[in-house]
Every structure is written in C-alpha cells, then in structure tokens.
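# sequence first, then the predicted structure, then my questions.
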Amino acid sequence: MSTAAAPVRTLDAHMVGELRQAAEKLLAEFGTSATSPQLLVRVREVASGFSRPLRDECRPVDTADGLFVIRGLDVDDEEVCPTPSSWATAGDSGAVYDIALLLLATVMGNPIAWEGQQDGRFVHNIVPSPGHEAEQTGASSSVLLSPHTEDAFHPGRAHLLMLGCVRNPDNIATTAASIRKTRLTDTDTEVLKKPVVPILPDDAYEAAQGYTDEAAPAVPALYAAEDGMTLRFDPAYTPLDDADETYRSAYGRLSDELARVSVAVSLSPGEILVVDNDMVVHGRVPFQARYDGTDRWLKRASVRVPGRRTRPAAESTEHGYGQAALEAHAS
Ligand SMILES: O=C(O)CCC(=O)C(=O)O
Ligand SMILES: [Fe+2]
C-alpha cells in the first residue's frame, strides 16, 4: 500500500464561505441536522443556488484513481464538541458538517439513508465505539477494516461515498483501491464477471441479516460498464467456500491486486474524501481508540447518481434482503 497523492480539489475562500454560510443558515432554521422532509427540501433549494465554481468542484470522479479529496473547509478543534463515543449518542454533534456534507452530496446526486442504519440519518457518524473494536464496521478500531464496496449486499447502494473528517489526531488512514488500476488476466476477469456467490448483509444491518424470505442472489464481482470496469466486492461477507477452486483463486488474485494498488488517504479535519463506490473499494488501517473525546471522527454520506449505468441490469431484480434505501429527493 502506498501513500500516493490523491487528486485534490481545493475550494477557494469564496466557495468555502458559500458552503459554510448555507450550512449555518439551515442549521439555524431547523435547529438540528436530523433530516425531516422539510430540511431536505430546503437543502435541495439551497444547493441548486450554489455558484458554478462550487458546483464544478462537485463534478464526477474524473481519473482512474476513482476518488478525490475536497479541501478548504476548516474545522476548529476548540469549537467542535468532544468526539461522541458511538453513533447512537452522537445526535446533533457536529451538525453544521452534517448539513455541509448533505449540501455537497445534493450537488453530486441524490443522498440516501437506510432505515436500518444509524436511525435513518442521511449523514452517519463514524467513530470508534467501546465493545465494537474488532468488527468489520465503521465503529471498529483495533482491526484492519478490510477493503469493501459500501453496502455491497444491496442493489440500491451508493454510487458515491463521502467521508468528511472532523477529527483525526493520529492520522489514521482510510485505504482505497481502484479496480481501474489493477491488472488481471482476461481469464480471471471472465470468471469474476459471473454471478457465483452472494454478498451477505454486513454487521451494520441486523434486520437484513435475519432475512429469510428468499435465497441470497449470487452477484458478479466485476462488471464491464461502457466506460470501464466496475466492481462489487466485500470478502468479509462473501461465502467463498461455496465457490469452486477456479473462482476462489481468481477472487484471491483480485484481492491481491487491490492490495497492490491500494493507497492510504489520511484525512485532516475539514477534508472530504469522495470515493466512487463502483470503481473503488475502501477500508481503514487498524488503530488504538482513545475513548476520551479526542478520537478520530468522520461524517459519512452516501449518494446515488441518477442515470448512471455502471452496474449489471440483473441487479434490478434483487430483493436487497428486505432493506430499502431512502432517497433524499424524489427523482
Ligand atoms: O473509517 C474509515 O476511514 C472508513 C470507514 C468505512 O468503511 C465507512 O465509513 O464506510
Ligand atoms: Fe465502508
């Protein structure tokens, strides 16, 4: 894994002012970042009035890195409250960043939430939580969060994942690996384009894990979209033992290639990492949680981009394990 420079889009003072003032105004109007239909309507109105330069910085990923970092917003560590000890107690902590993220997400596409995750909020808090150290979820710390497509089990998953940094005192890196940078043989690619095994719901979705109405659909790991290869990959929740040796070894080579091209992105407060969830798998290096209010703290938003054709048509028949993605804005 290398710490290669990620493409950076720097917002100038004018753009930052625009974004910050809009977020502060909406927060003053609603008093919370908990998303009501009214707040979402106002977010859309305000986002549609953003200047062209600010909107341009929200353009789609345009390199094979499959990601970019938005820089410029600042977070005053003295002003922002202590890092909450779990998403469940976070409430409106850092609410102005929730709204700023939601505004940018709305310029990029349609933000989504999940009823079964973090109380249906559109912006999640990613903080290390006592008792969850070794999980494969955002609440873990002591283990490597292995590279994954966000919400890989679901056909309604995000096209873009946004991670906004509130605090990261020990420079703990998010990892990111783009399928467009890997080298695989044609034979392996063909094998991995076949639907062989399912991807099961992850530990952040308890209700979905209990879903038994229909069988889990096998899904392809790779898909050749019009503009290049895309992937859907989450080894921690893929029952590979059910696949034959040919598939397992091709899958292993894909994992190795993703590890080879993986980059480490250590976010500083105010920076926002935007990852194309069809091109890039992301994870996080292990770290020691502090649990003293100064822990690493990220805000996460998920975005669907209407009209994108980066996924196989067969996904539209998947049941999604009874989970539904809620879209912020009627499309
Ligand atoms: O903590 C990180 O850097 C990434 C966590 C993650 O996978 C996520 O929030 O989806
Ligand atoms: Fe993730």
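Received the coordinates, thanks. Ligands and ions are numbered 1, 2, ... in the order given.
# and the gap between the residue of the stretch 1-150 of the chain found nearest ligand 1 and Thr10?
Of all residues in the stretch 1-150 of the chain, the one sitting closest to ligand 1 is Gly138 (3.9 Å; Cβ to the nearest ligand atom). C-betas here are computed from N, CA, C, even on glycine. Distance from Gly138 to Thr10, counting by Cβ to Cβ, to the nearest Å: 27 Å.
# more neighbours: which of those two?
Gly138 (22 against 11; other Cβ atoms under 10 Å).
# tell me the spacing between that one and Gly283.
Going from Gly138 to Gly283 by Cβ to Cβ gives 11 Å.
# find the residues that touch each one of the two.
Leu145 (Cβ atoms under 8 Å, 6 or more residues apart in numbering).
# looks like the residue of the stretch 1-150 of the chain closest to ligand 1 contacts Ile126 (just checking).
Yes: using Cβ atoms under 8 Å, Gly138 is in contact with Ile126, at 4.0 Å.
# identify the contacts common to these two.
Leu298, Arg300.
# check contacts around the residue sitting furthest away from the middle of the chain.
Most distant from the centre of the chain: Glu245, at 31.2 Å, with distances by Cα atoms, centre = their mean. Neighbour list for Glu245: empty [criterion: Cβ under 8 Å, 6+ apart].
# gap between it and ligand 1?
Distance, Glu245 to ligand 1, using Cβ to the nearest ligand atom, to the nearest Å: 30 Å.
# what sits closest to the residue of the stretch 51-200 of the chain found nearest ligand 1 if chain neighbours are left out?
Nearest to ligand 1, among the residues of the stretch 51-200 of the chain, is Thr174, at 3.4 Å (Cβ to the nearest ligand atom). The shortest distance from Thr174 to any non-neighbouring residue, by Cβ to Cβ, 6 or more residues apart in numbering, is to Val265 (5.1 Å).
# get me the contact residues on the stretch 51-200 of the chain for ligand 1.
Ile126, Gly138, Leu145, Glu150, Leu163, Thr174 (Cβ under 6 Å from any ligand atom).
# turn those into JSON lines, columns for secondary structure and pLDDT.
What follows is those, written out as JSON lines (DSSP: H, G, I helix; E, B strand; the rest coil; pLDDT from 0 to 100):
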{"residue": "Ile126", "secondary structure": "strand", "pLDDT": "97"}
{"residue": "Gly138", "secondary structure": "coil", "pLDDT": "92"}
{"residue": "Leu145", "secondary structure": "strand", "pLDDT": "94"}
{"residue": "Glu150", "secondary structure": "coil", "pLDDT": "97"}
{"residue": "Leu163", "secondary structure": "strand", "pLDDT": "98"}
{"residue": "Thr174", "secondary structure": "strand", "pLDDT": "98"}
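# picking that back up, what confidence value was assigned to the residue farthest from the centre of the chain?
In this model, Glu245 is scored at 98, pLDDT.
# one more: Asp276?
98.
# so what's it up against?
Applying Cβ under 8 Å, 6+ apart, the residues near Asp276 are Pro60, Val61, Gly66, Leu67, His159, Leu160.
# which residues does it bridge with?
Leu160 (DSSP bridges).
# count the neighbours of Phe287 for me.
Using other Cβ under 10 Å, Phe287 has 20 neighbouring residues.
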